[in-house]
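K.L.:
Sequence plus the predicted model coming up.
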Amino acid sequence: MSLVLPIIAYWALSMVFHYIDTMDFFPQYRLHTPAEVLKRNHVSRWEVVRDVVIQQVIQTIVGVAIAATEPETYMGKDAYNVAVWAQRIRIAQGALPRILSIVGLDSRSLAAQVAVQSPSLAGLFMGGQYPWAVAIVGQESVPAFTQWETLLAKAVYWVGVPFFQFTLAILIVDTWQYFLHRAMHMNKWLYSMCFREKCILRPR
C-alpha cells in the first residue's frame, strides 16, 4: 500500500488539474497565460506521461528493495519501543542532580520540600528515584515507570520521532531536488538533451 497509494494519489490529483486545465476553470489564477504556455512548453502530454511512468517504475523498484531489507514488523513492538523510550527518559533523569549542583541547587533539599505535594517531582529531583512506582507481576512487585514518564515516552515515540524523521526526509529530498533542478538549468547539455523545457516532470 505504501508503494501503490502515492502513485494513485499522484494520478488522481493530476487528473483533477488536467480537467481544470482543459475546461479552462479559474483562468484568473493561472501562473502563465495560454500564450506563454504555447510559446514555452514544447513537450507533449504523452512525453510527460511516459517520463512520469518511468520515474514511478524506478521509485517502485527502489521501494520494493527497501521493503525487502526492512526488519519484520511484530505485534506489540510499539509497546516495547515506548518502554525503551521510557527507560531512556529514566536514565536521562540521573543527570539532573549534577546539573542542579552546577547552578548551585541541592537536589535532595528540593526533593524534600516537594515530596508531600508532588512525589513525582521529588523523584525527578533525586535523579529518577521512584520507590513507590511498582507493578505487580504474578505475586512479585517490580519497578515500574511513572505515569508522566510513560506519557512523555509515548509523545516522543508517536510524535517526536516521526516529526524528526519526516523533517529530515523533507530536507534531504528538497536539497537534492533543488540542486538537480539547478543543474538542469545551469548545464546546457542536461537542459537541452535530457529534459529540454520540462525540467520538472508534470503535465503542462
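P.N.:
Yes, it's here. Numbers count the residues shown, from 1 in each chain.

K.L.:
Just the element for the spatially most central residue of the chain, please.
P.N.:
Computing the C-alpha centroid of the chain and ranking residues by Cα atoms, centre = their mean puts F166 first, at 1.7 Å. Counting by DSSP states H and E, the element that carries F166 is helix 161-186.

K.L.:
worst-scoring helix or strand of this structure, pLDDT-wise?
P.N.:
Using mean pLDDT, DSSP states H and E, helix 34-40 stands out as the lowest-scoring helix or strand of the chain, at a mean of 70.

K.L.:
contacting residues around the nearest residue to L124 once chain neighbours are set aside?
P.N.:
Distance criterion Cβ to Cβ, 6 or more residues apart in numbering; nearest residue to L124, sequence neighbours excluded, is Q93 at 6.0 Å. The way it works is simple: take the backbone N, C-alpha and C, and place the C-beta from them, glycine included. By Cβ atoms under 8 Å, 6 or more residues apart in numbering, the contact set of Q93 is L124, G127, G128.

K.L.:
Out of the residues you listed, which sit inside helices?
P.N.:
Judged by DSSP state H, helices contain the following of the contacts of Q93: L124.

K.L.:
most surrounded residue in the contacts of Q93?
P.N.:
In terms of neighbour count, L124 stands highest of those at 22 neighbours, by other Cβ atoms under 10 Å.

K.L.:
I'd assumed Y157 was in contact with N81.
P.N.:
Yes: contact criterion Cβ atoms under 8 Å: N81 and Y157 qualify, at 5.6 Å.

K.L.:
now the strands for this structure?
P.N.:
Along the chain, the stretches classed as strands by DSSP state E are 134-137, 140-143.

K.L.:
In JSON lines, list those along with mean neighbour count.
P.N.:
Listed next are the strands of the chain as JSON lines, based on neighbours: other Cβ atoms under 10 Å:
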{"stretch": "strand 134-137", "mean neighbour count": "10"}
{"stretch": "strand 140-143", "mean neighbour count": "9"}
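
K.L.:
how about CSV for these, with mean pLDDT added?
P.N.:
As requested, the strands of the chain are exported to CSV (pLDDT from 0 to 100):
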stretch, mean pLDDT
strand 134-137, 84
strand 140-143, 84
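
K.L.:
With distance to H32 as added columns, please give those in CSV.
P.N.:
Putting these into CSV (distance: least, Cβ to Cβ, whole Å) gives the following:
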stretch, distance to H32
strand 134-137, 65
strand 140-143, 66
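
K.L.:
Among those strands, which comes closest to S107?
P.N.:
Proximity to S107, assessed across the strands of the chain by Cβ to Cβ, is greatest for strand 140-143 (20.1 Å).

K.L.:
Next, report how far that closest one is displaced from the centre of its chain.
P.N.:
Centre-to-centre, strand 140-143 and its host chain are 37 Å apart (Cα atoms, centre = their mean, to the nearest Å).

K.L.:
and if you look at stretch 146-164?
P.N.:
Using Cα atoms, centre = their mean, the offset of stretch 146-164 from its chain centre is 15 Å.
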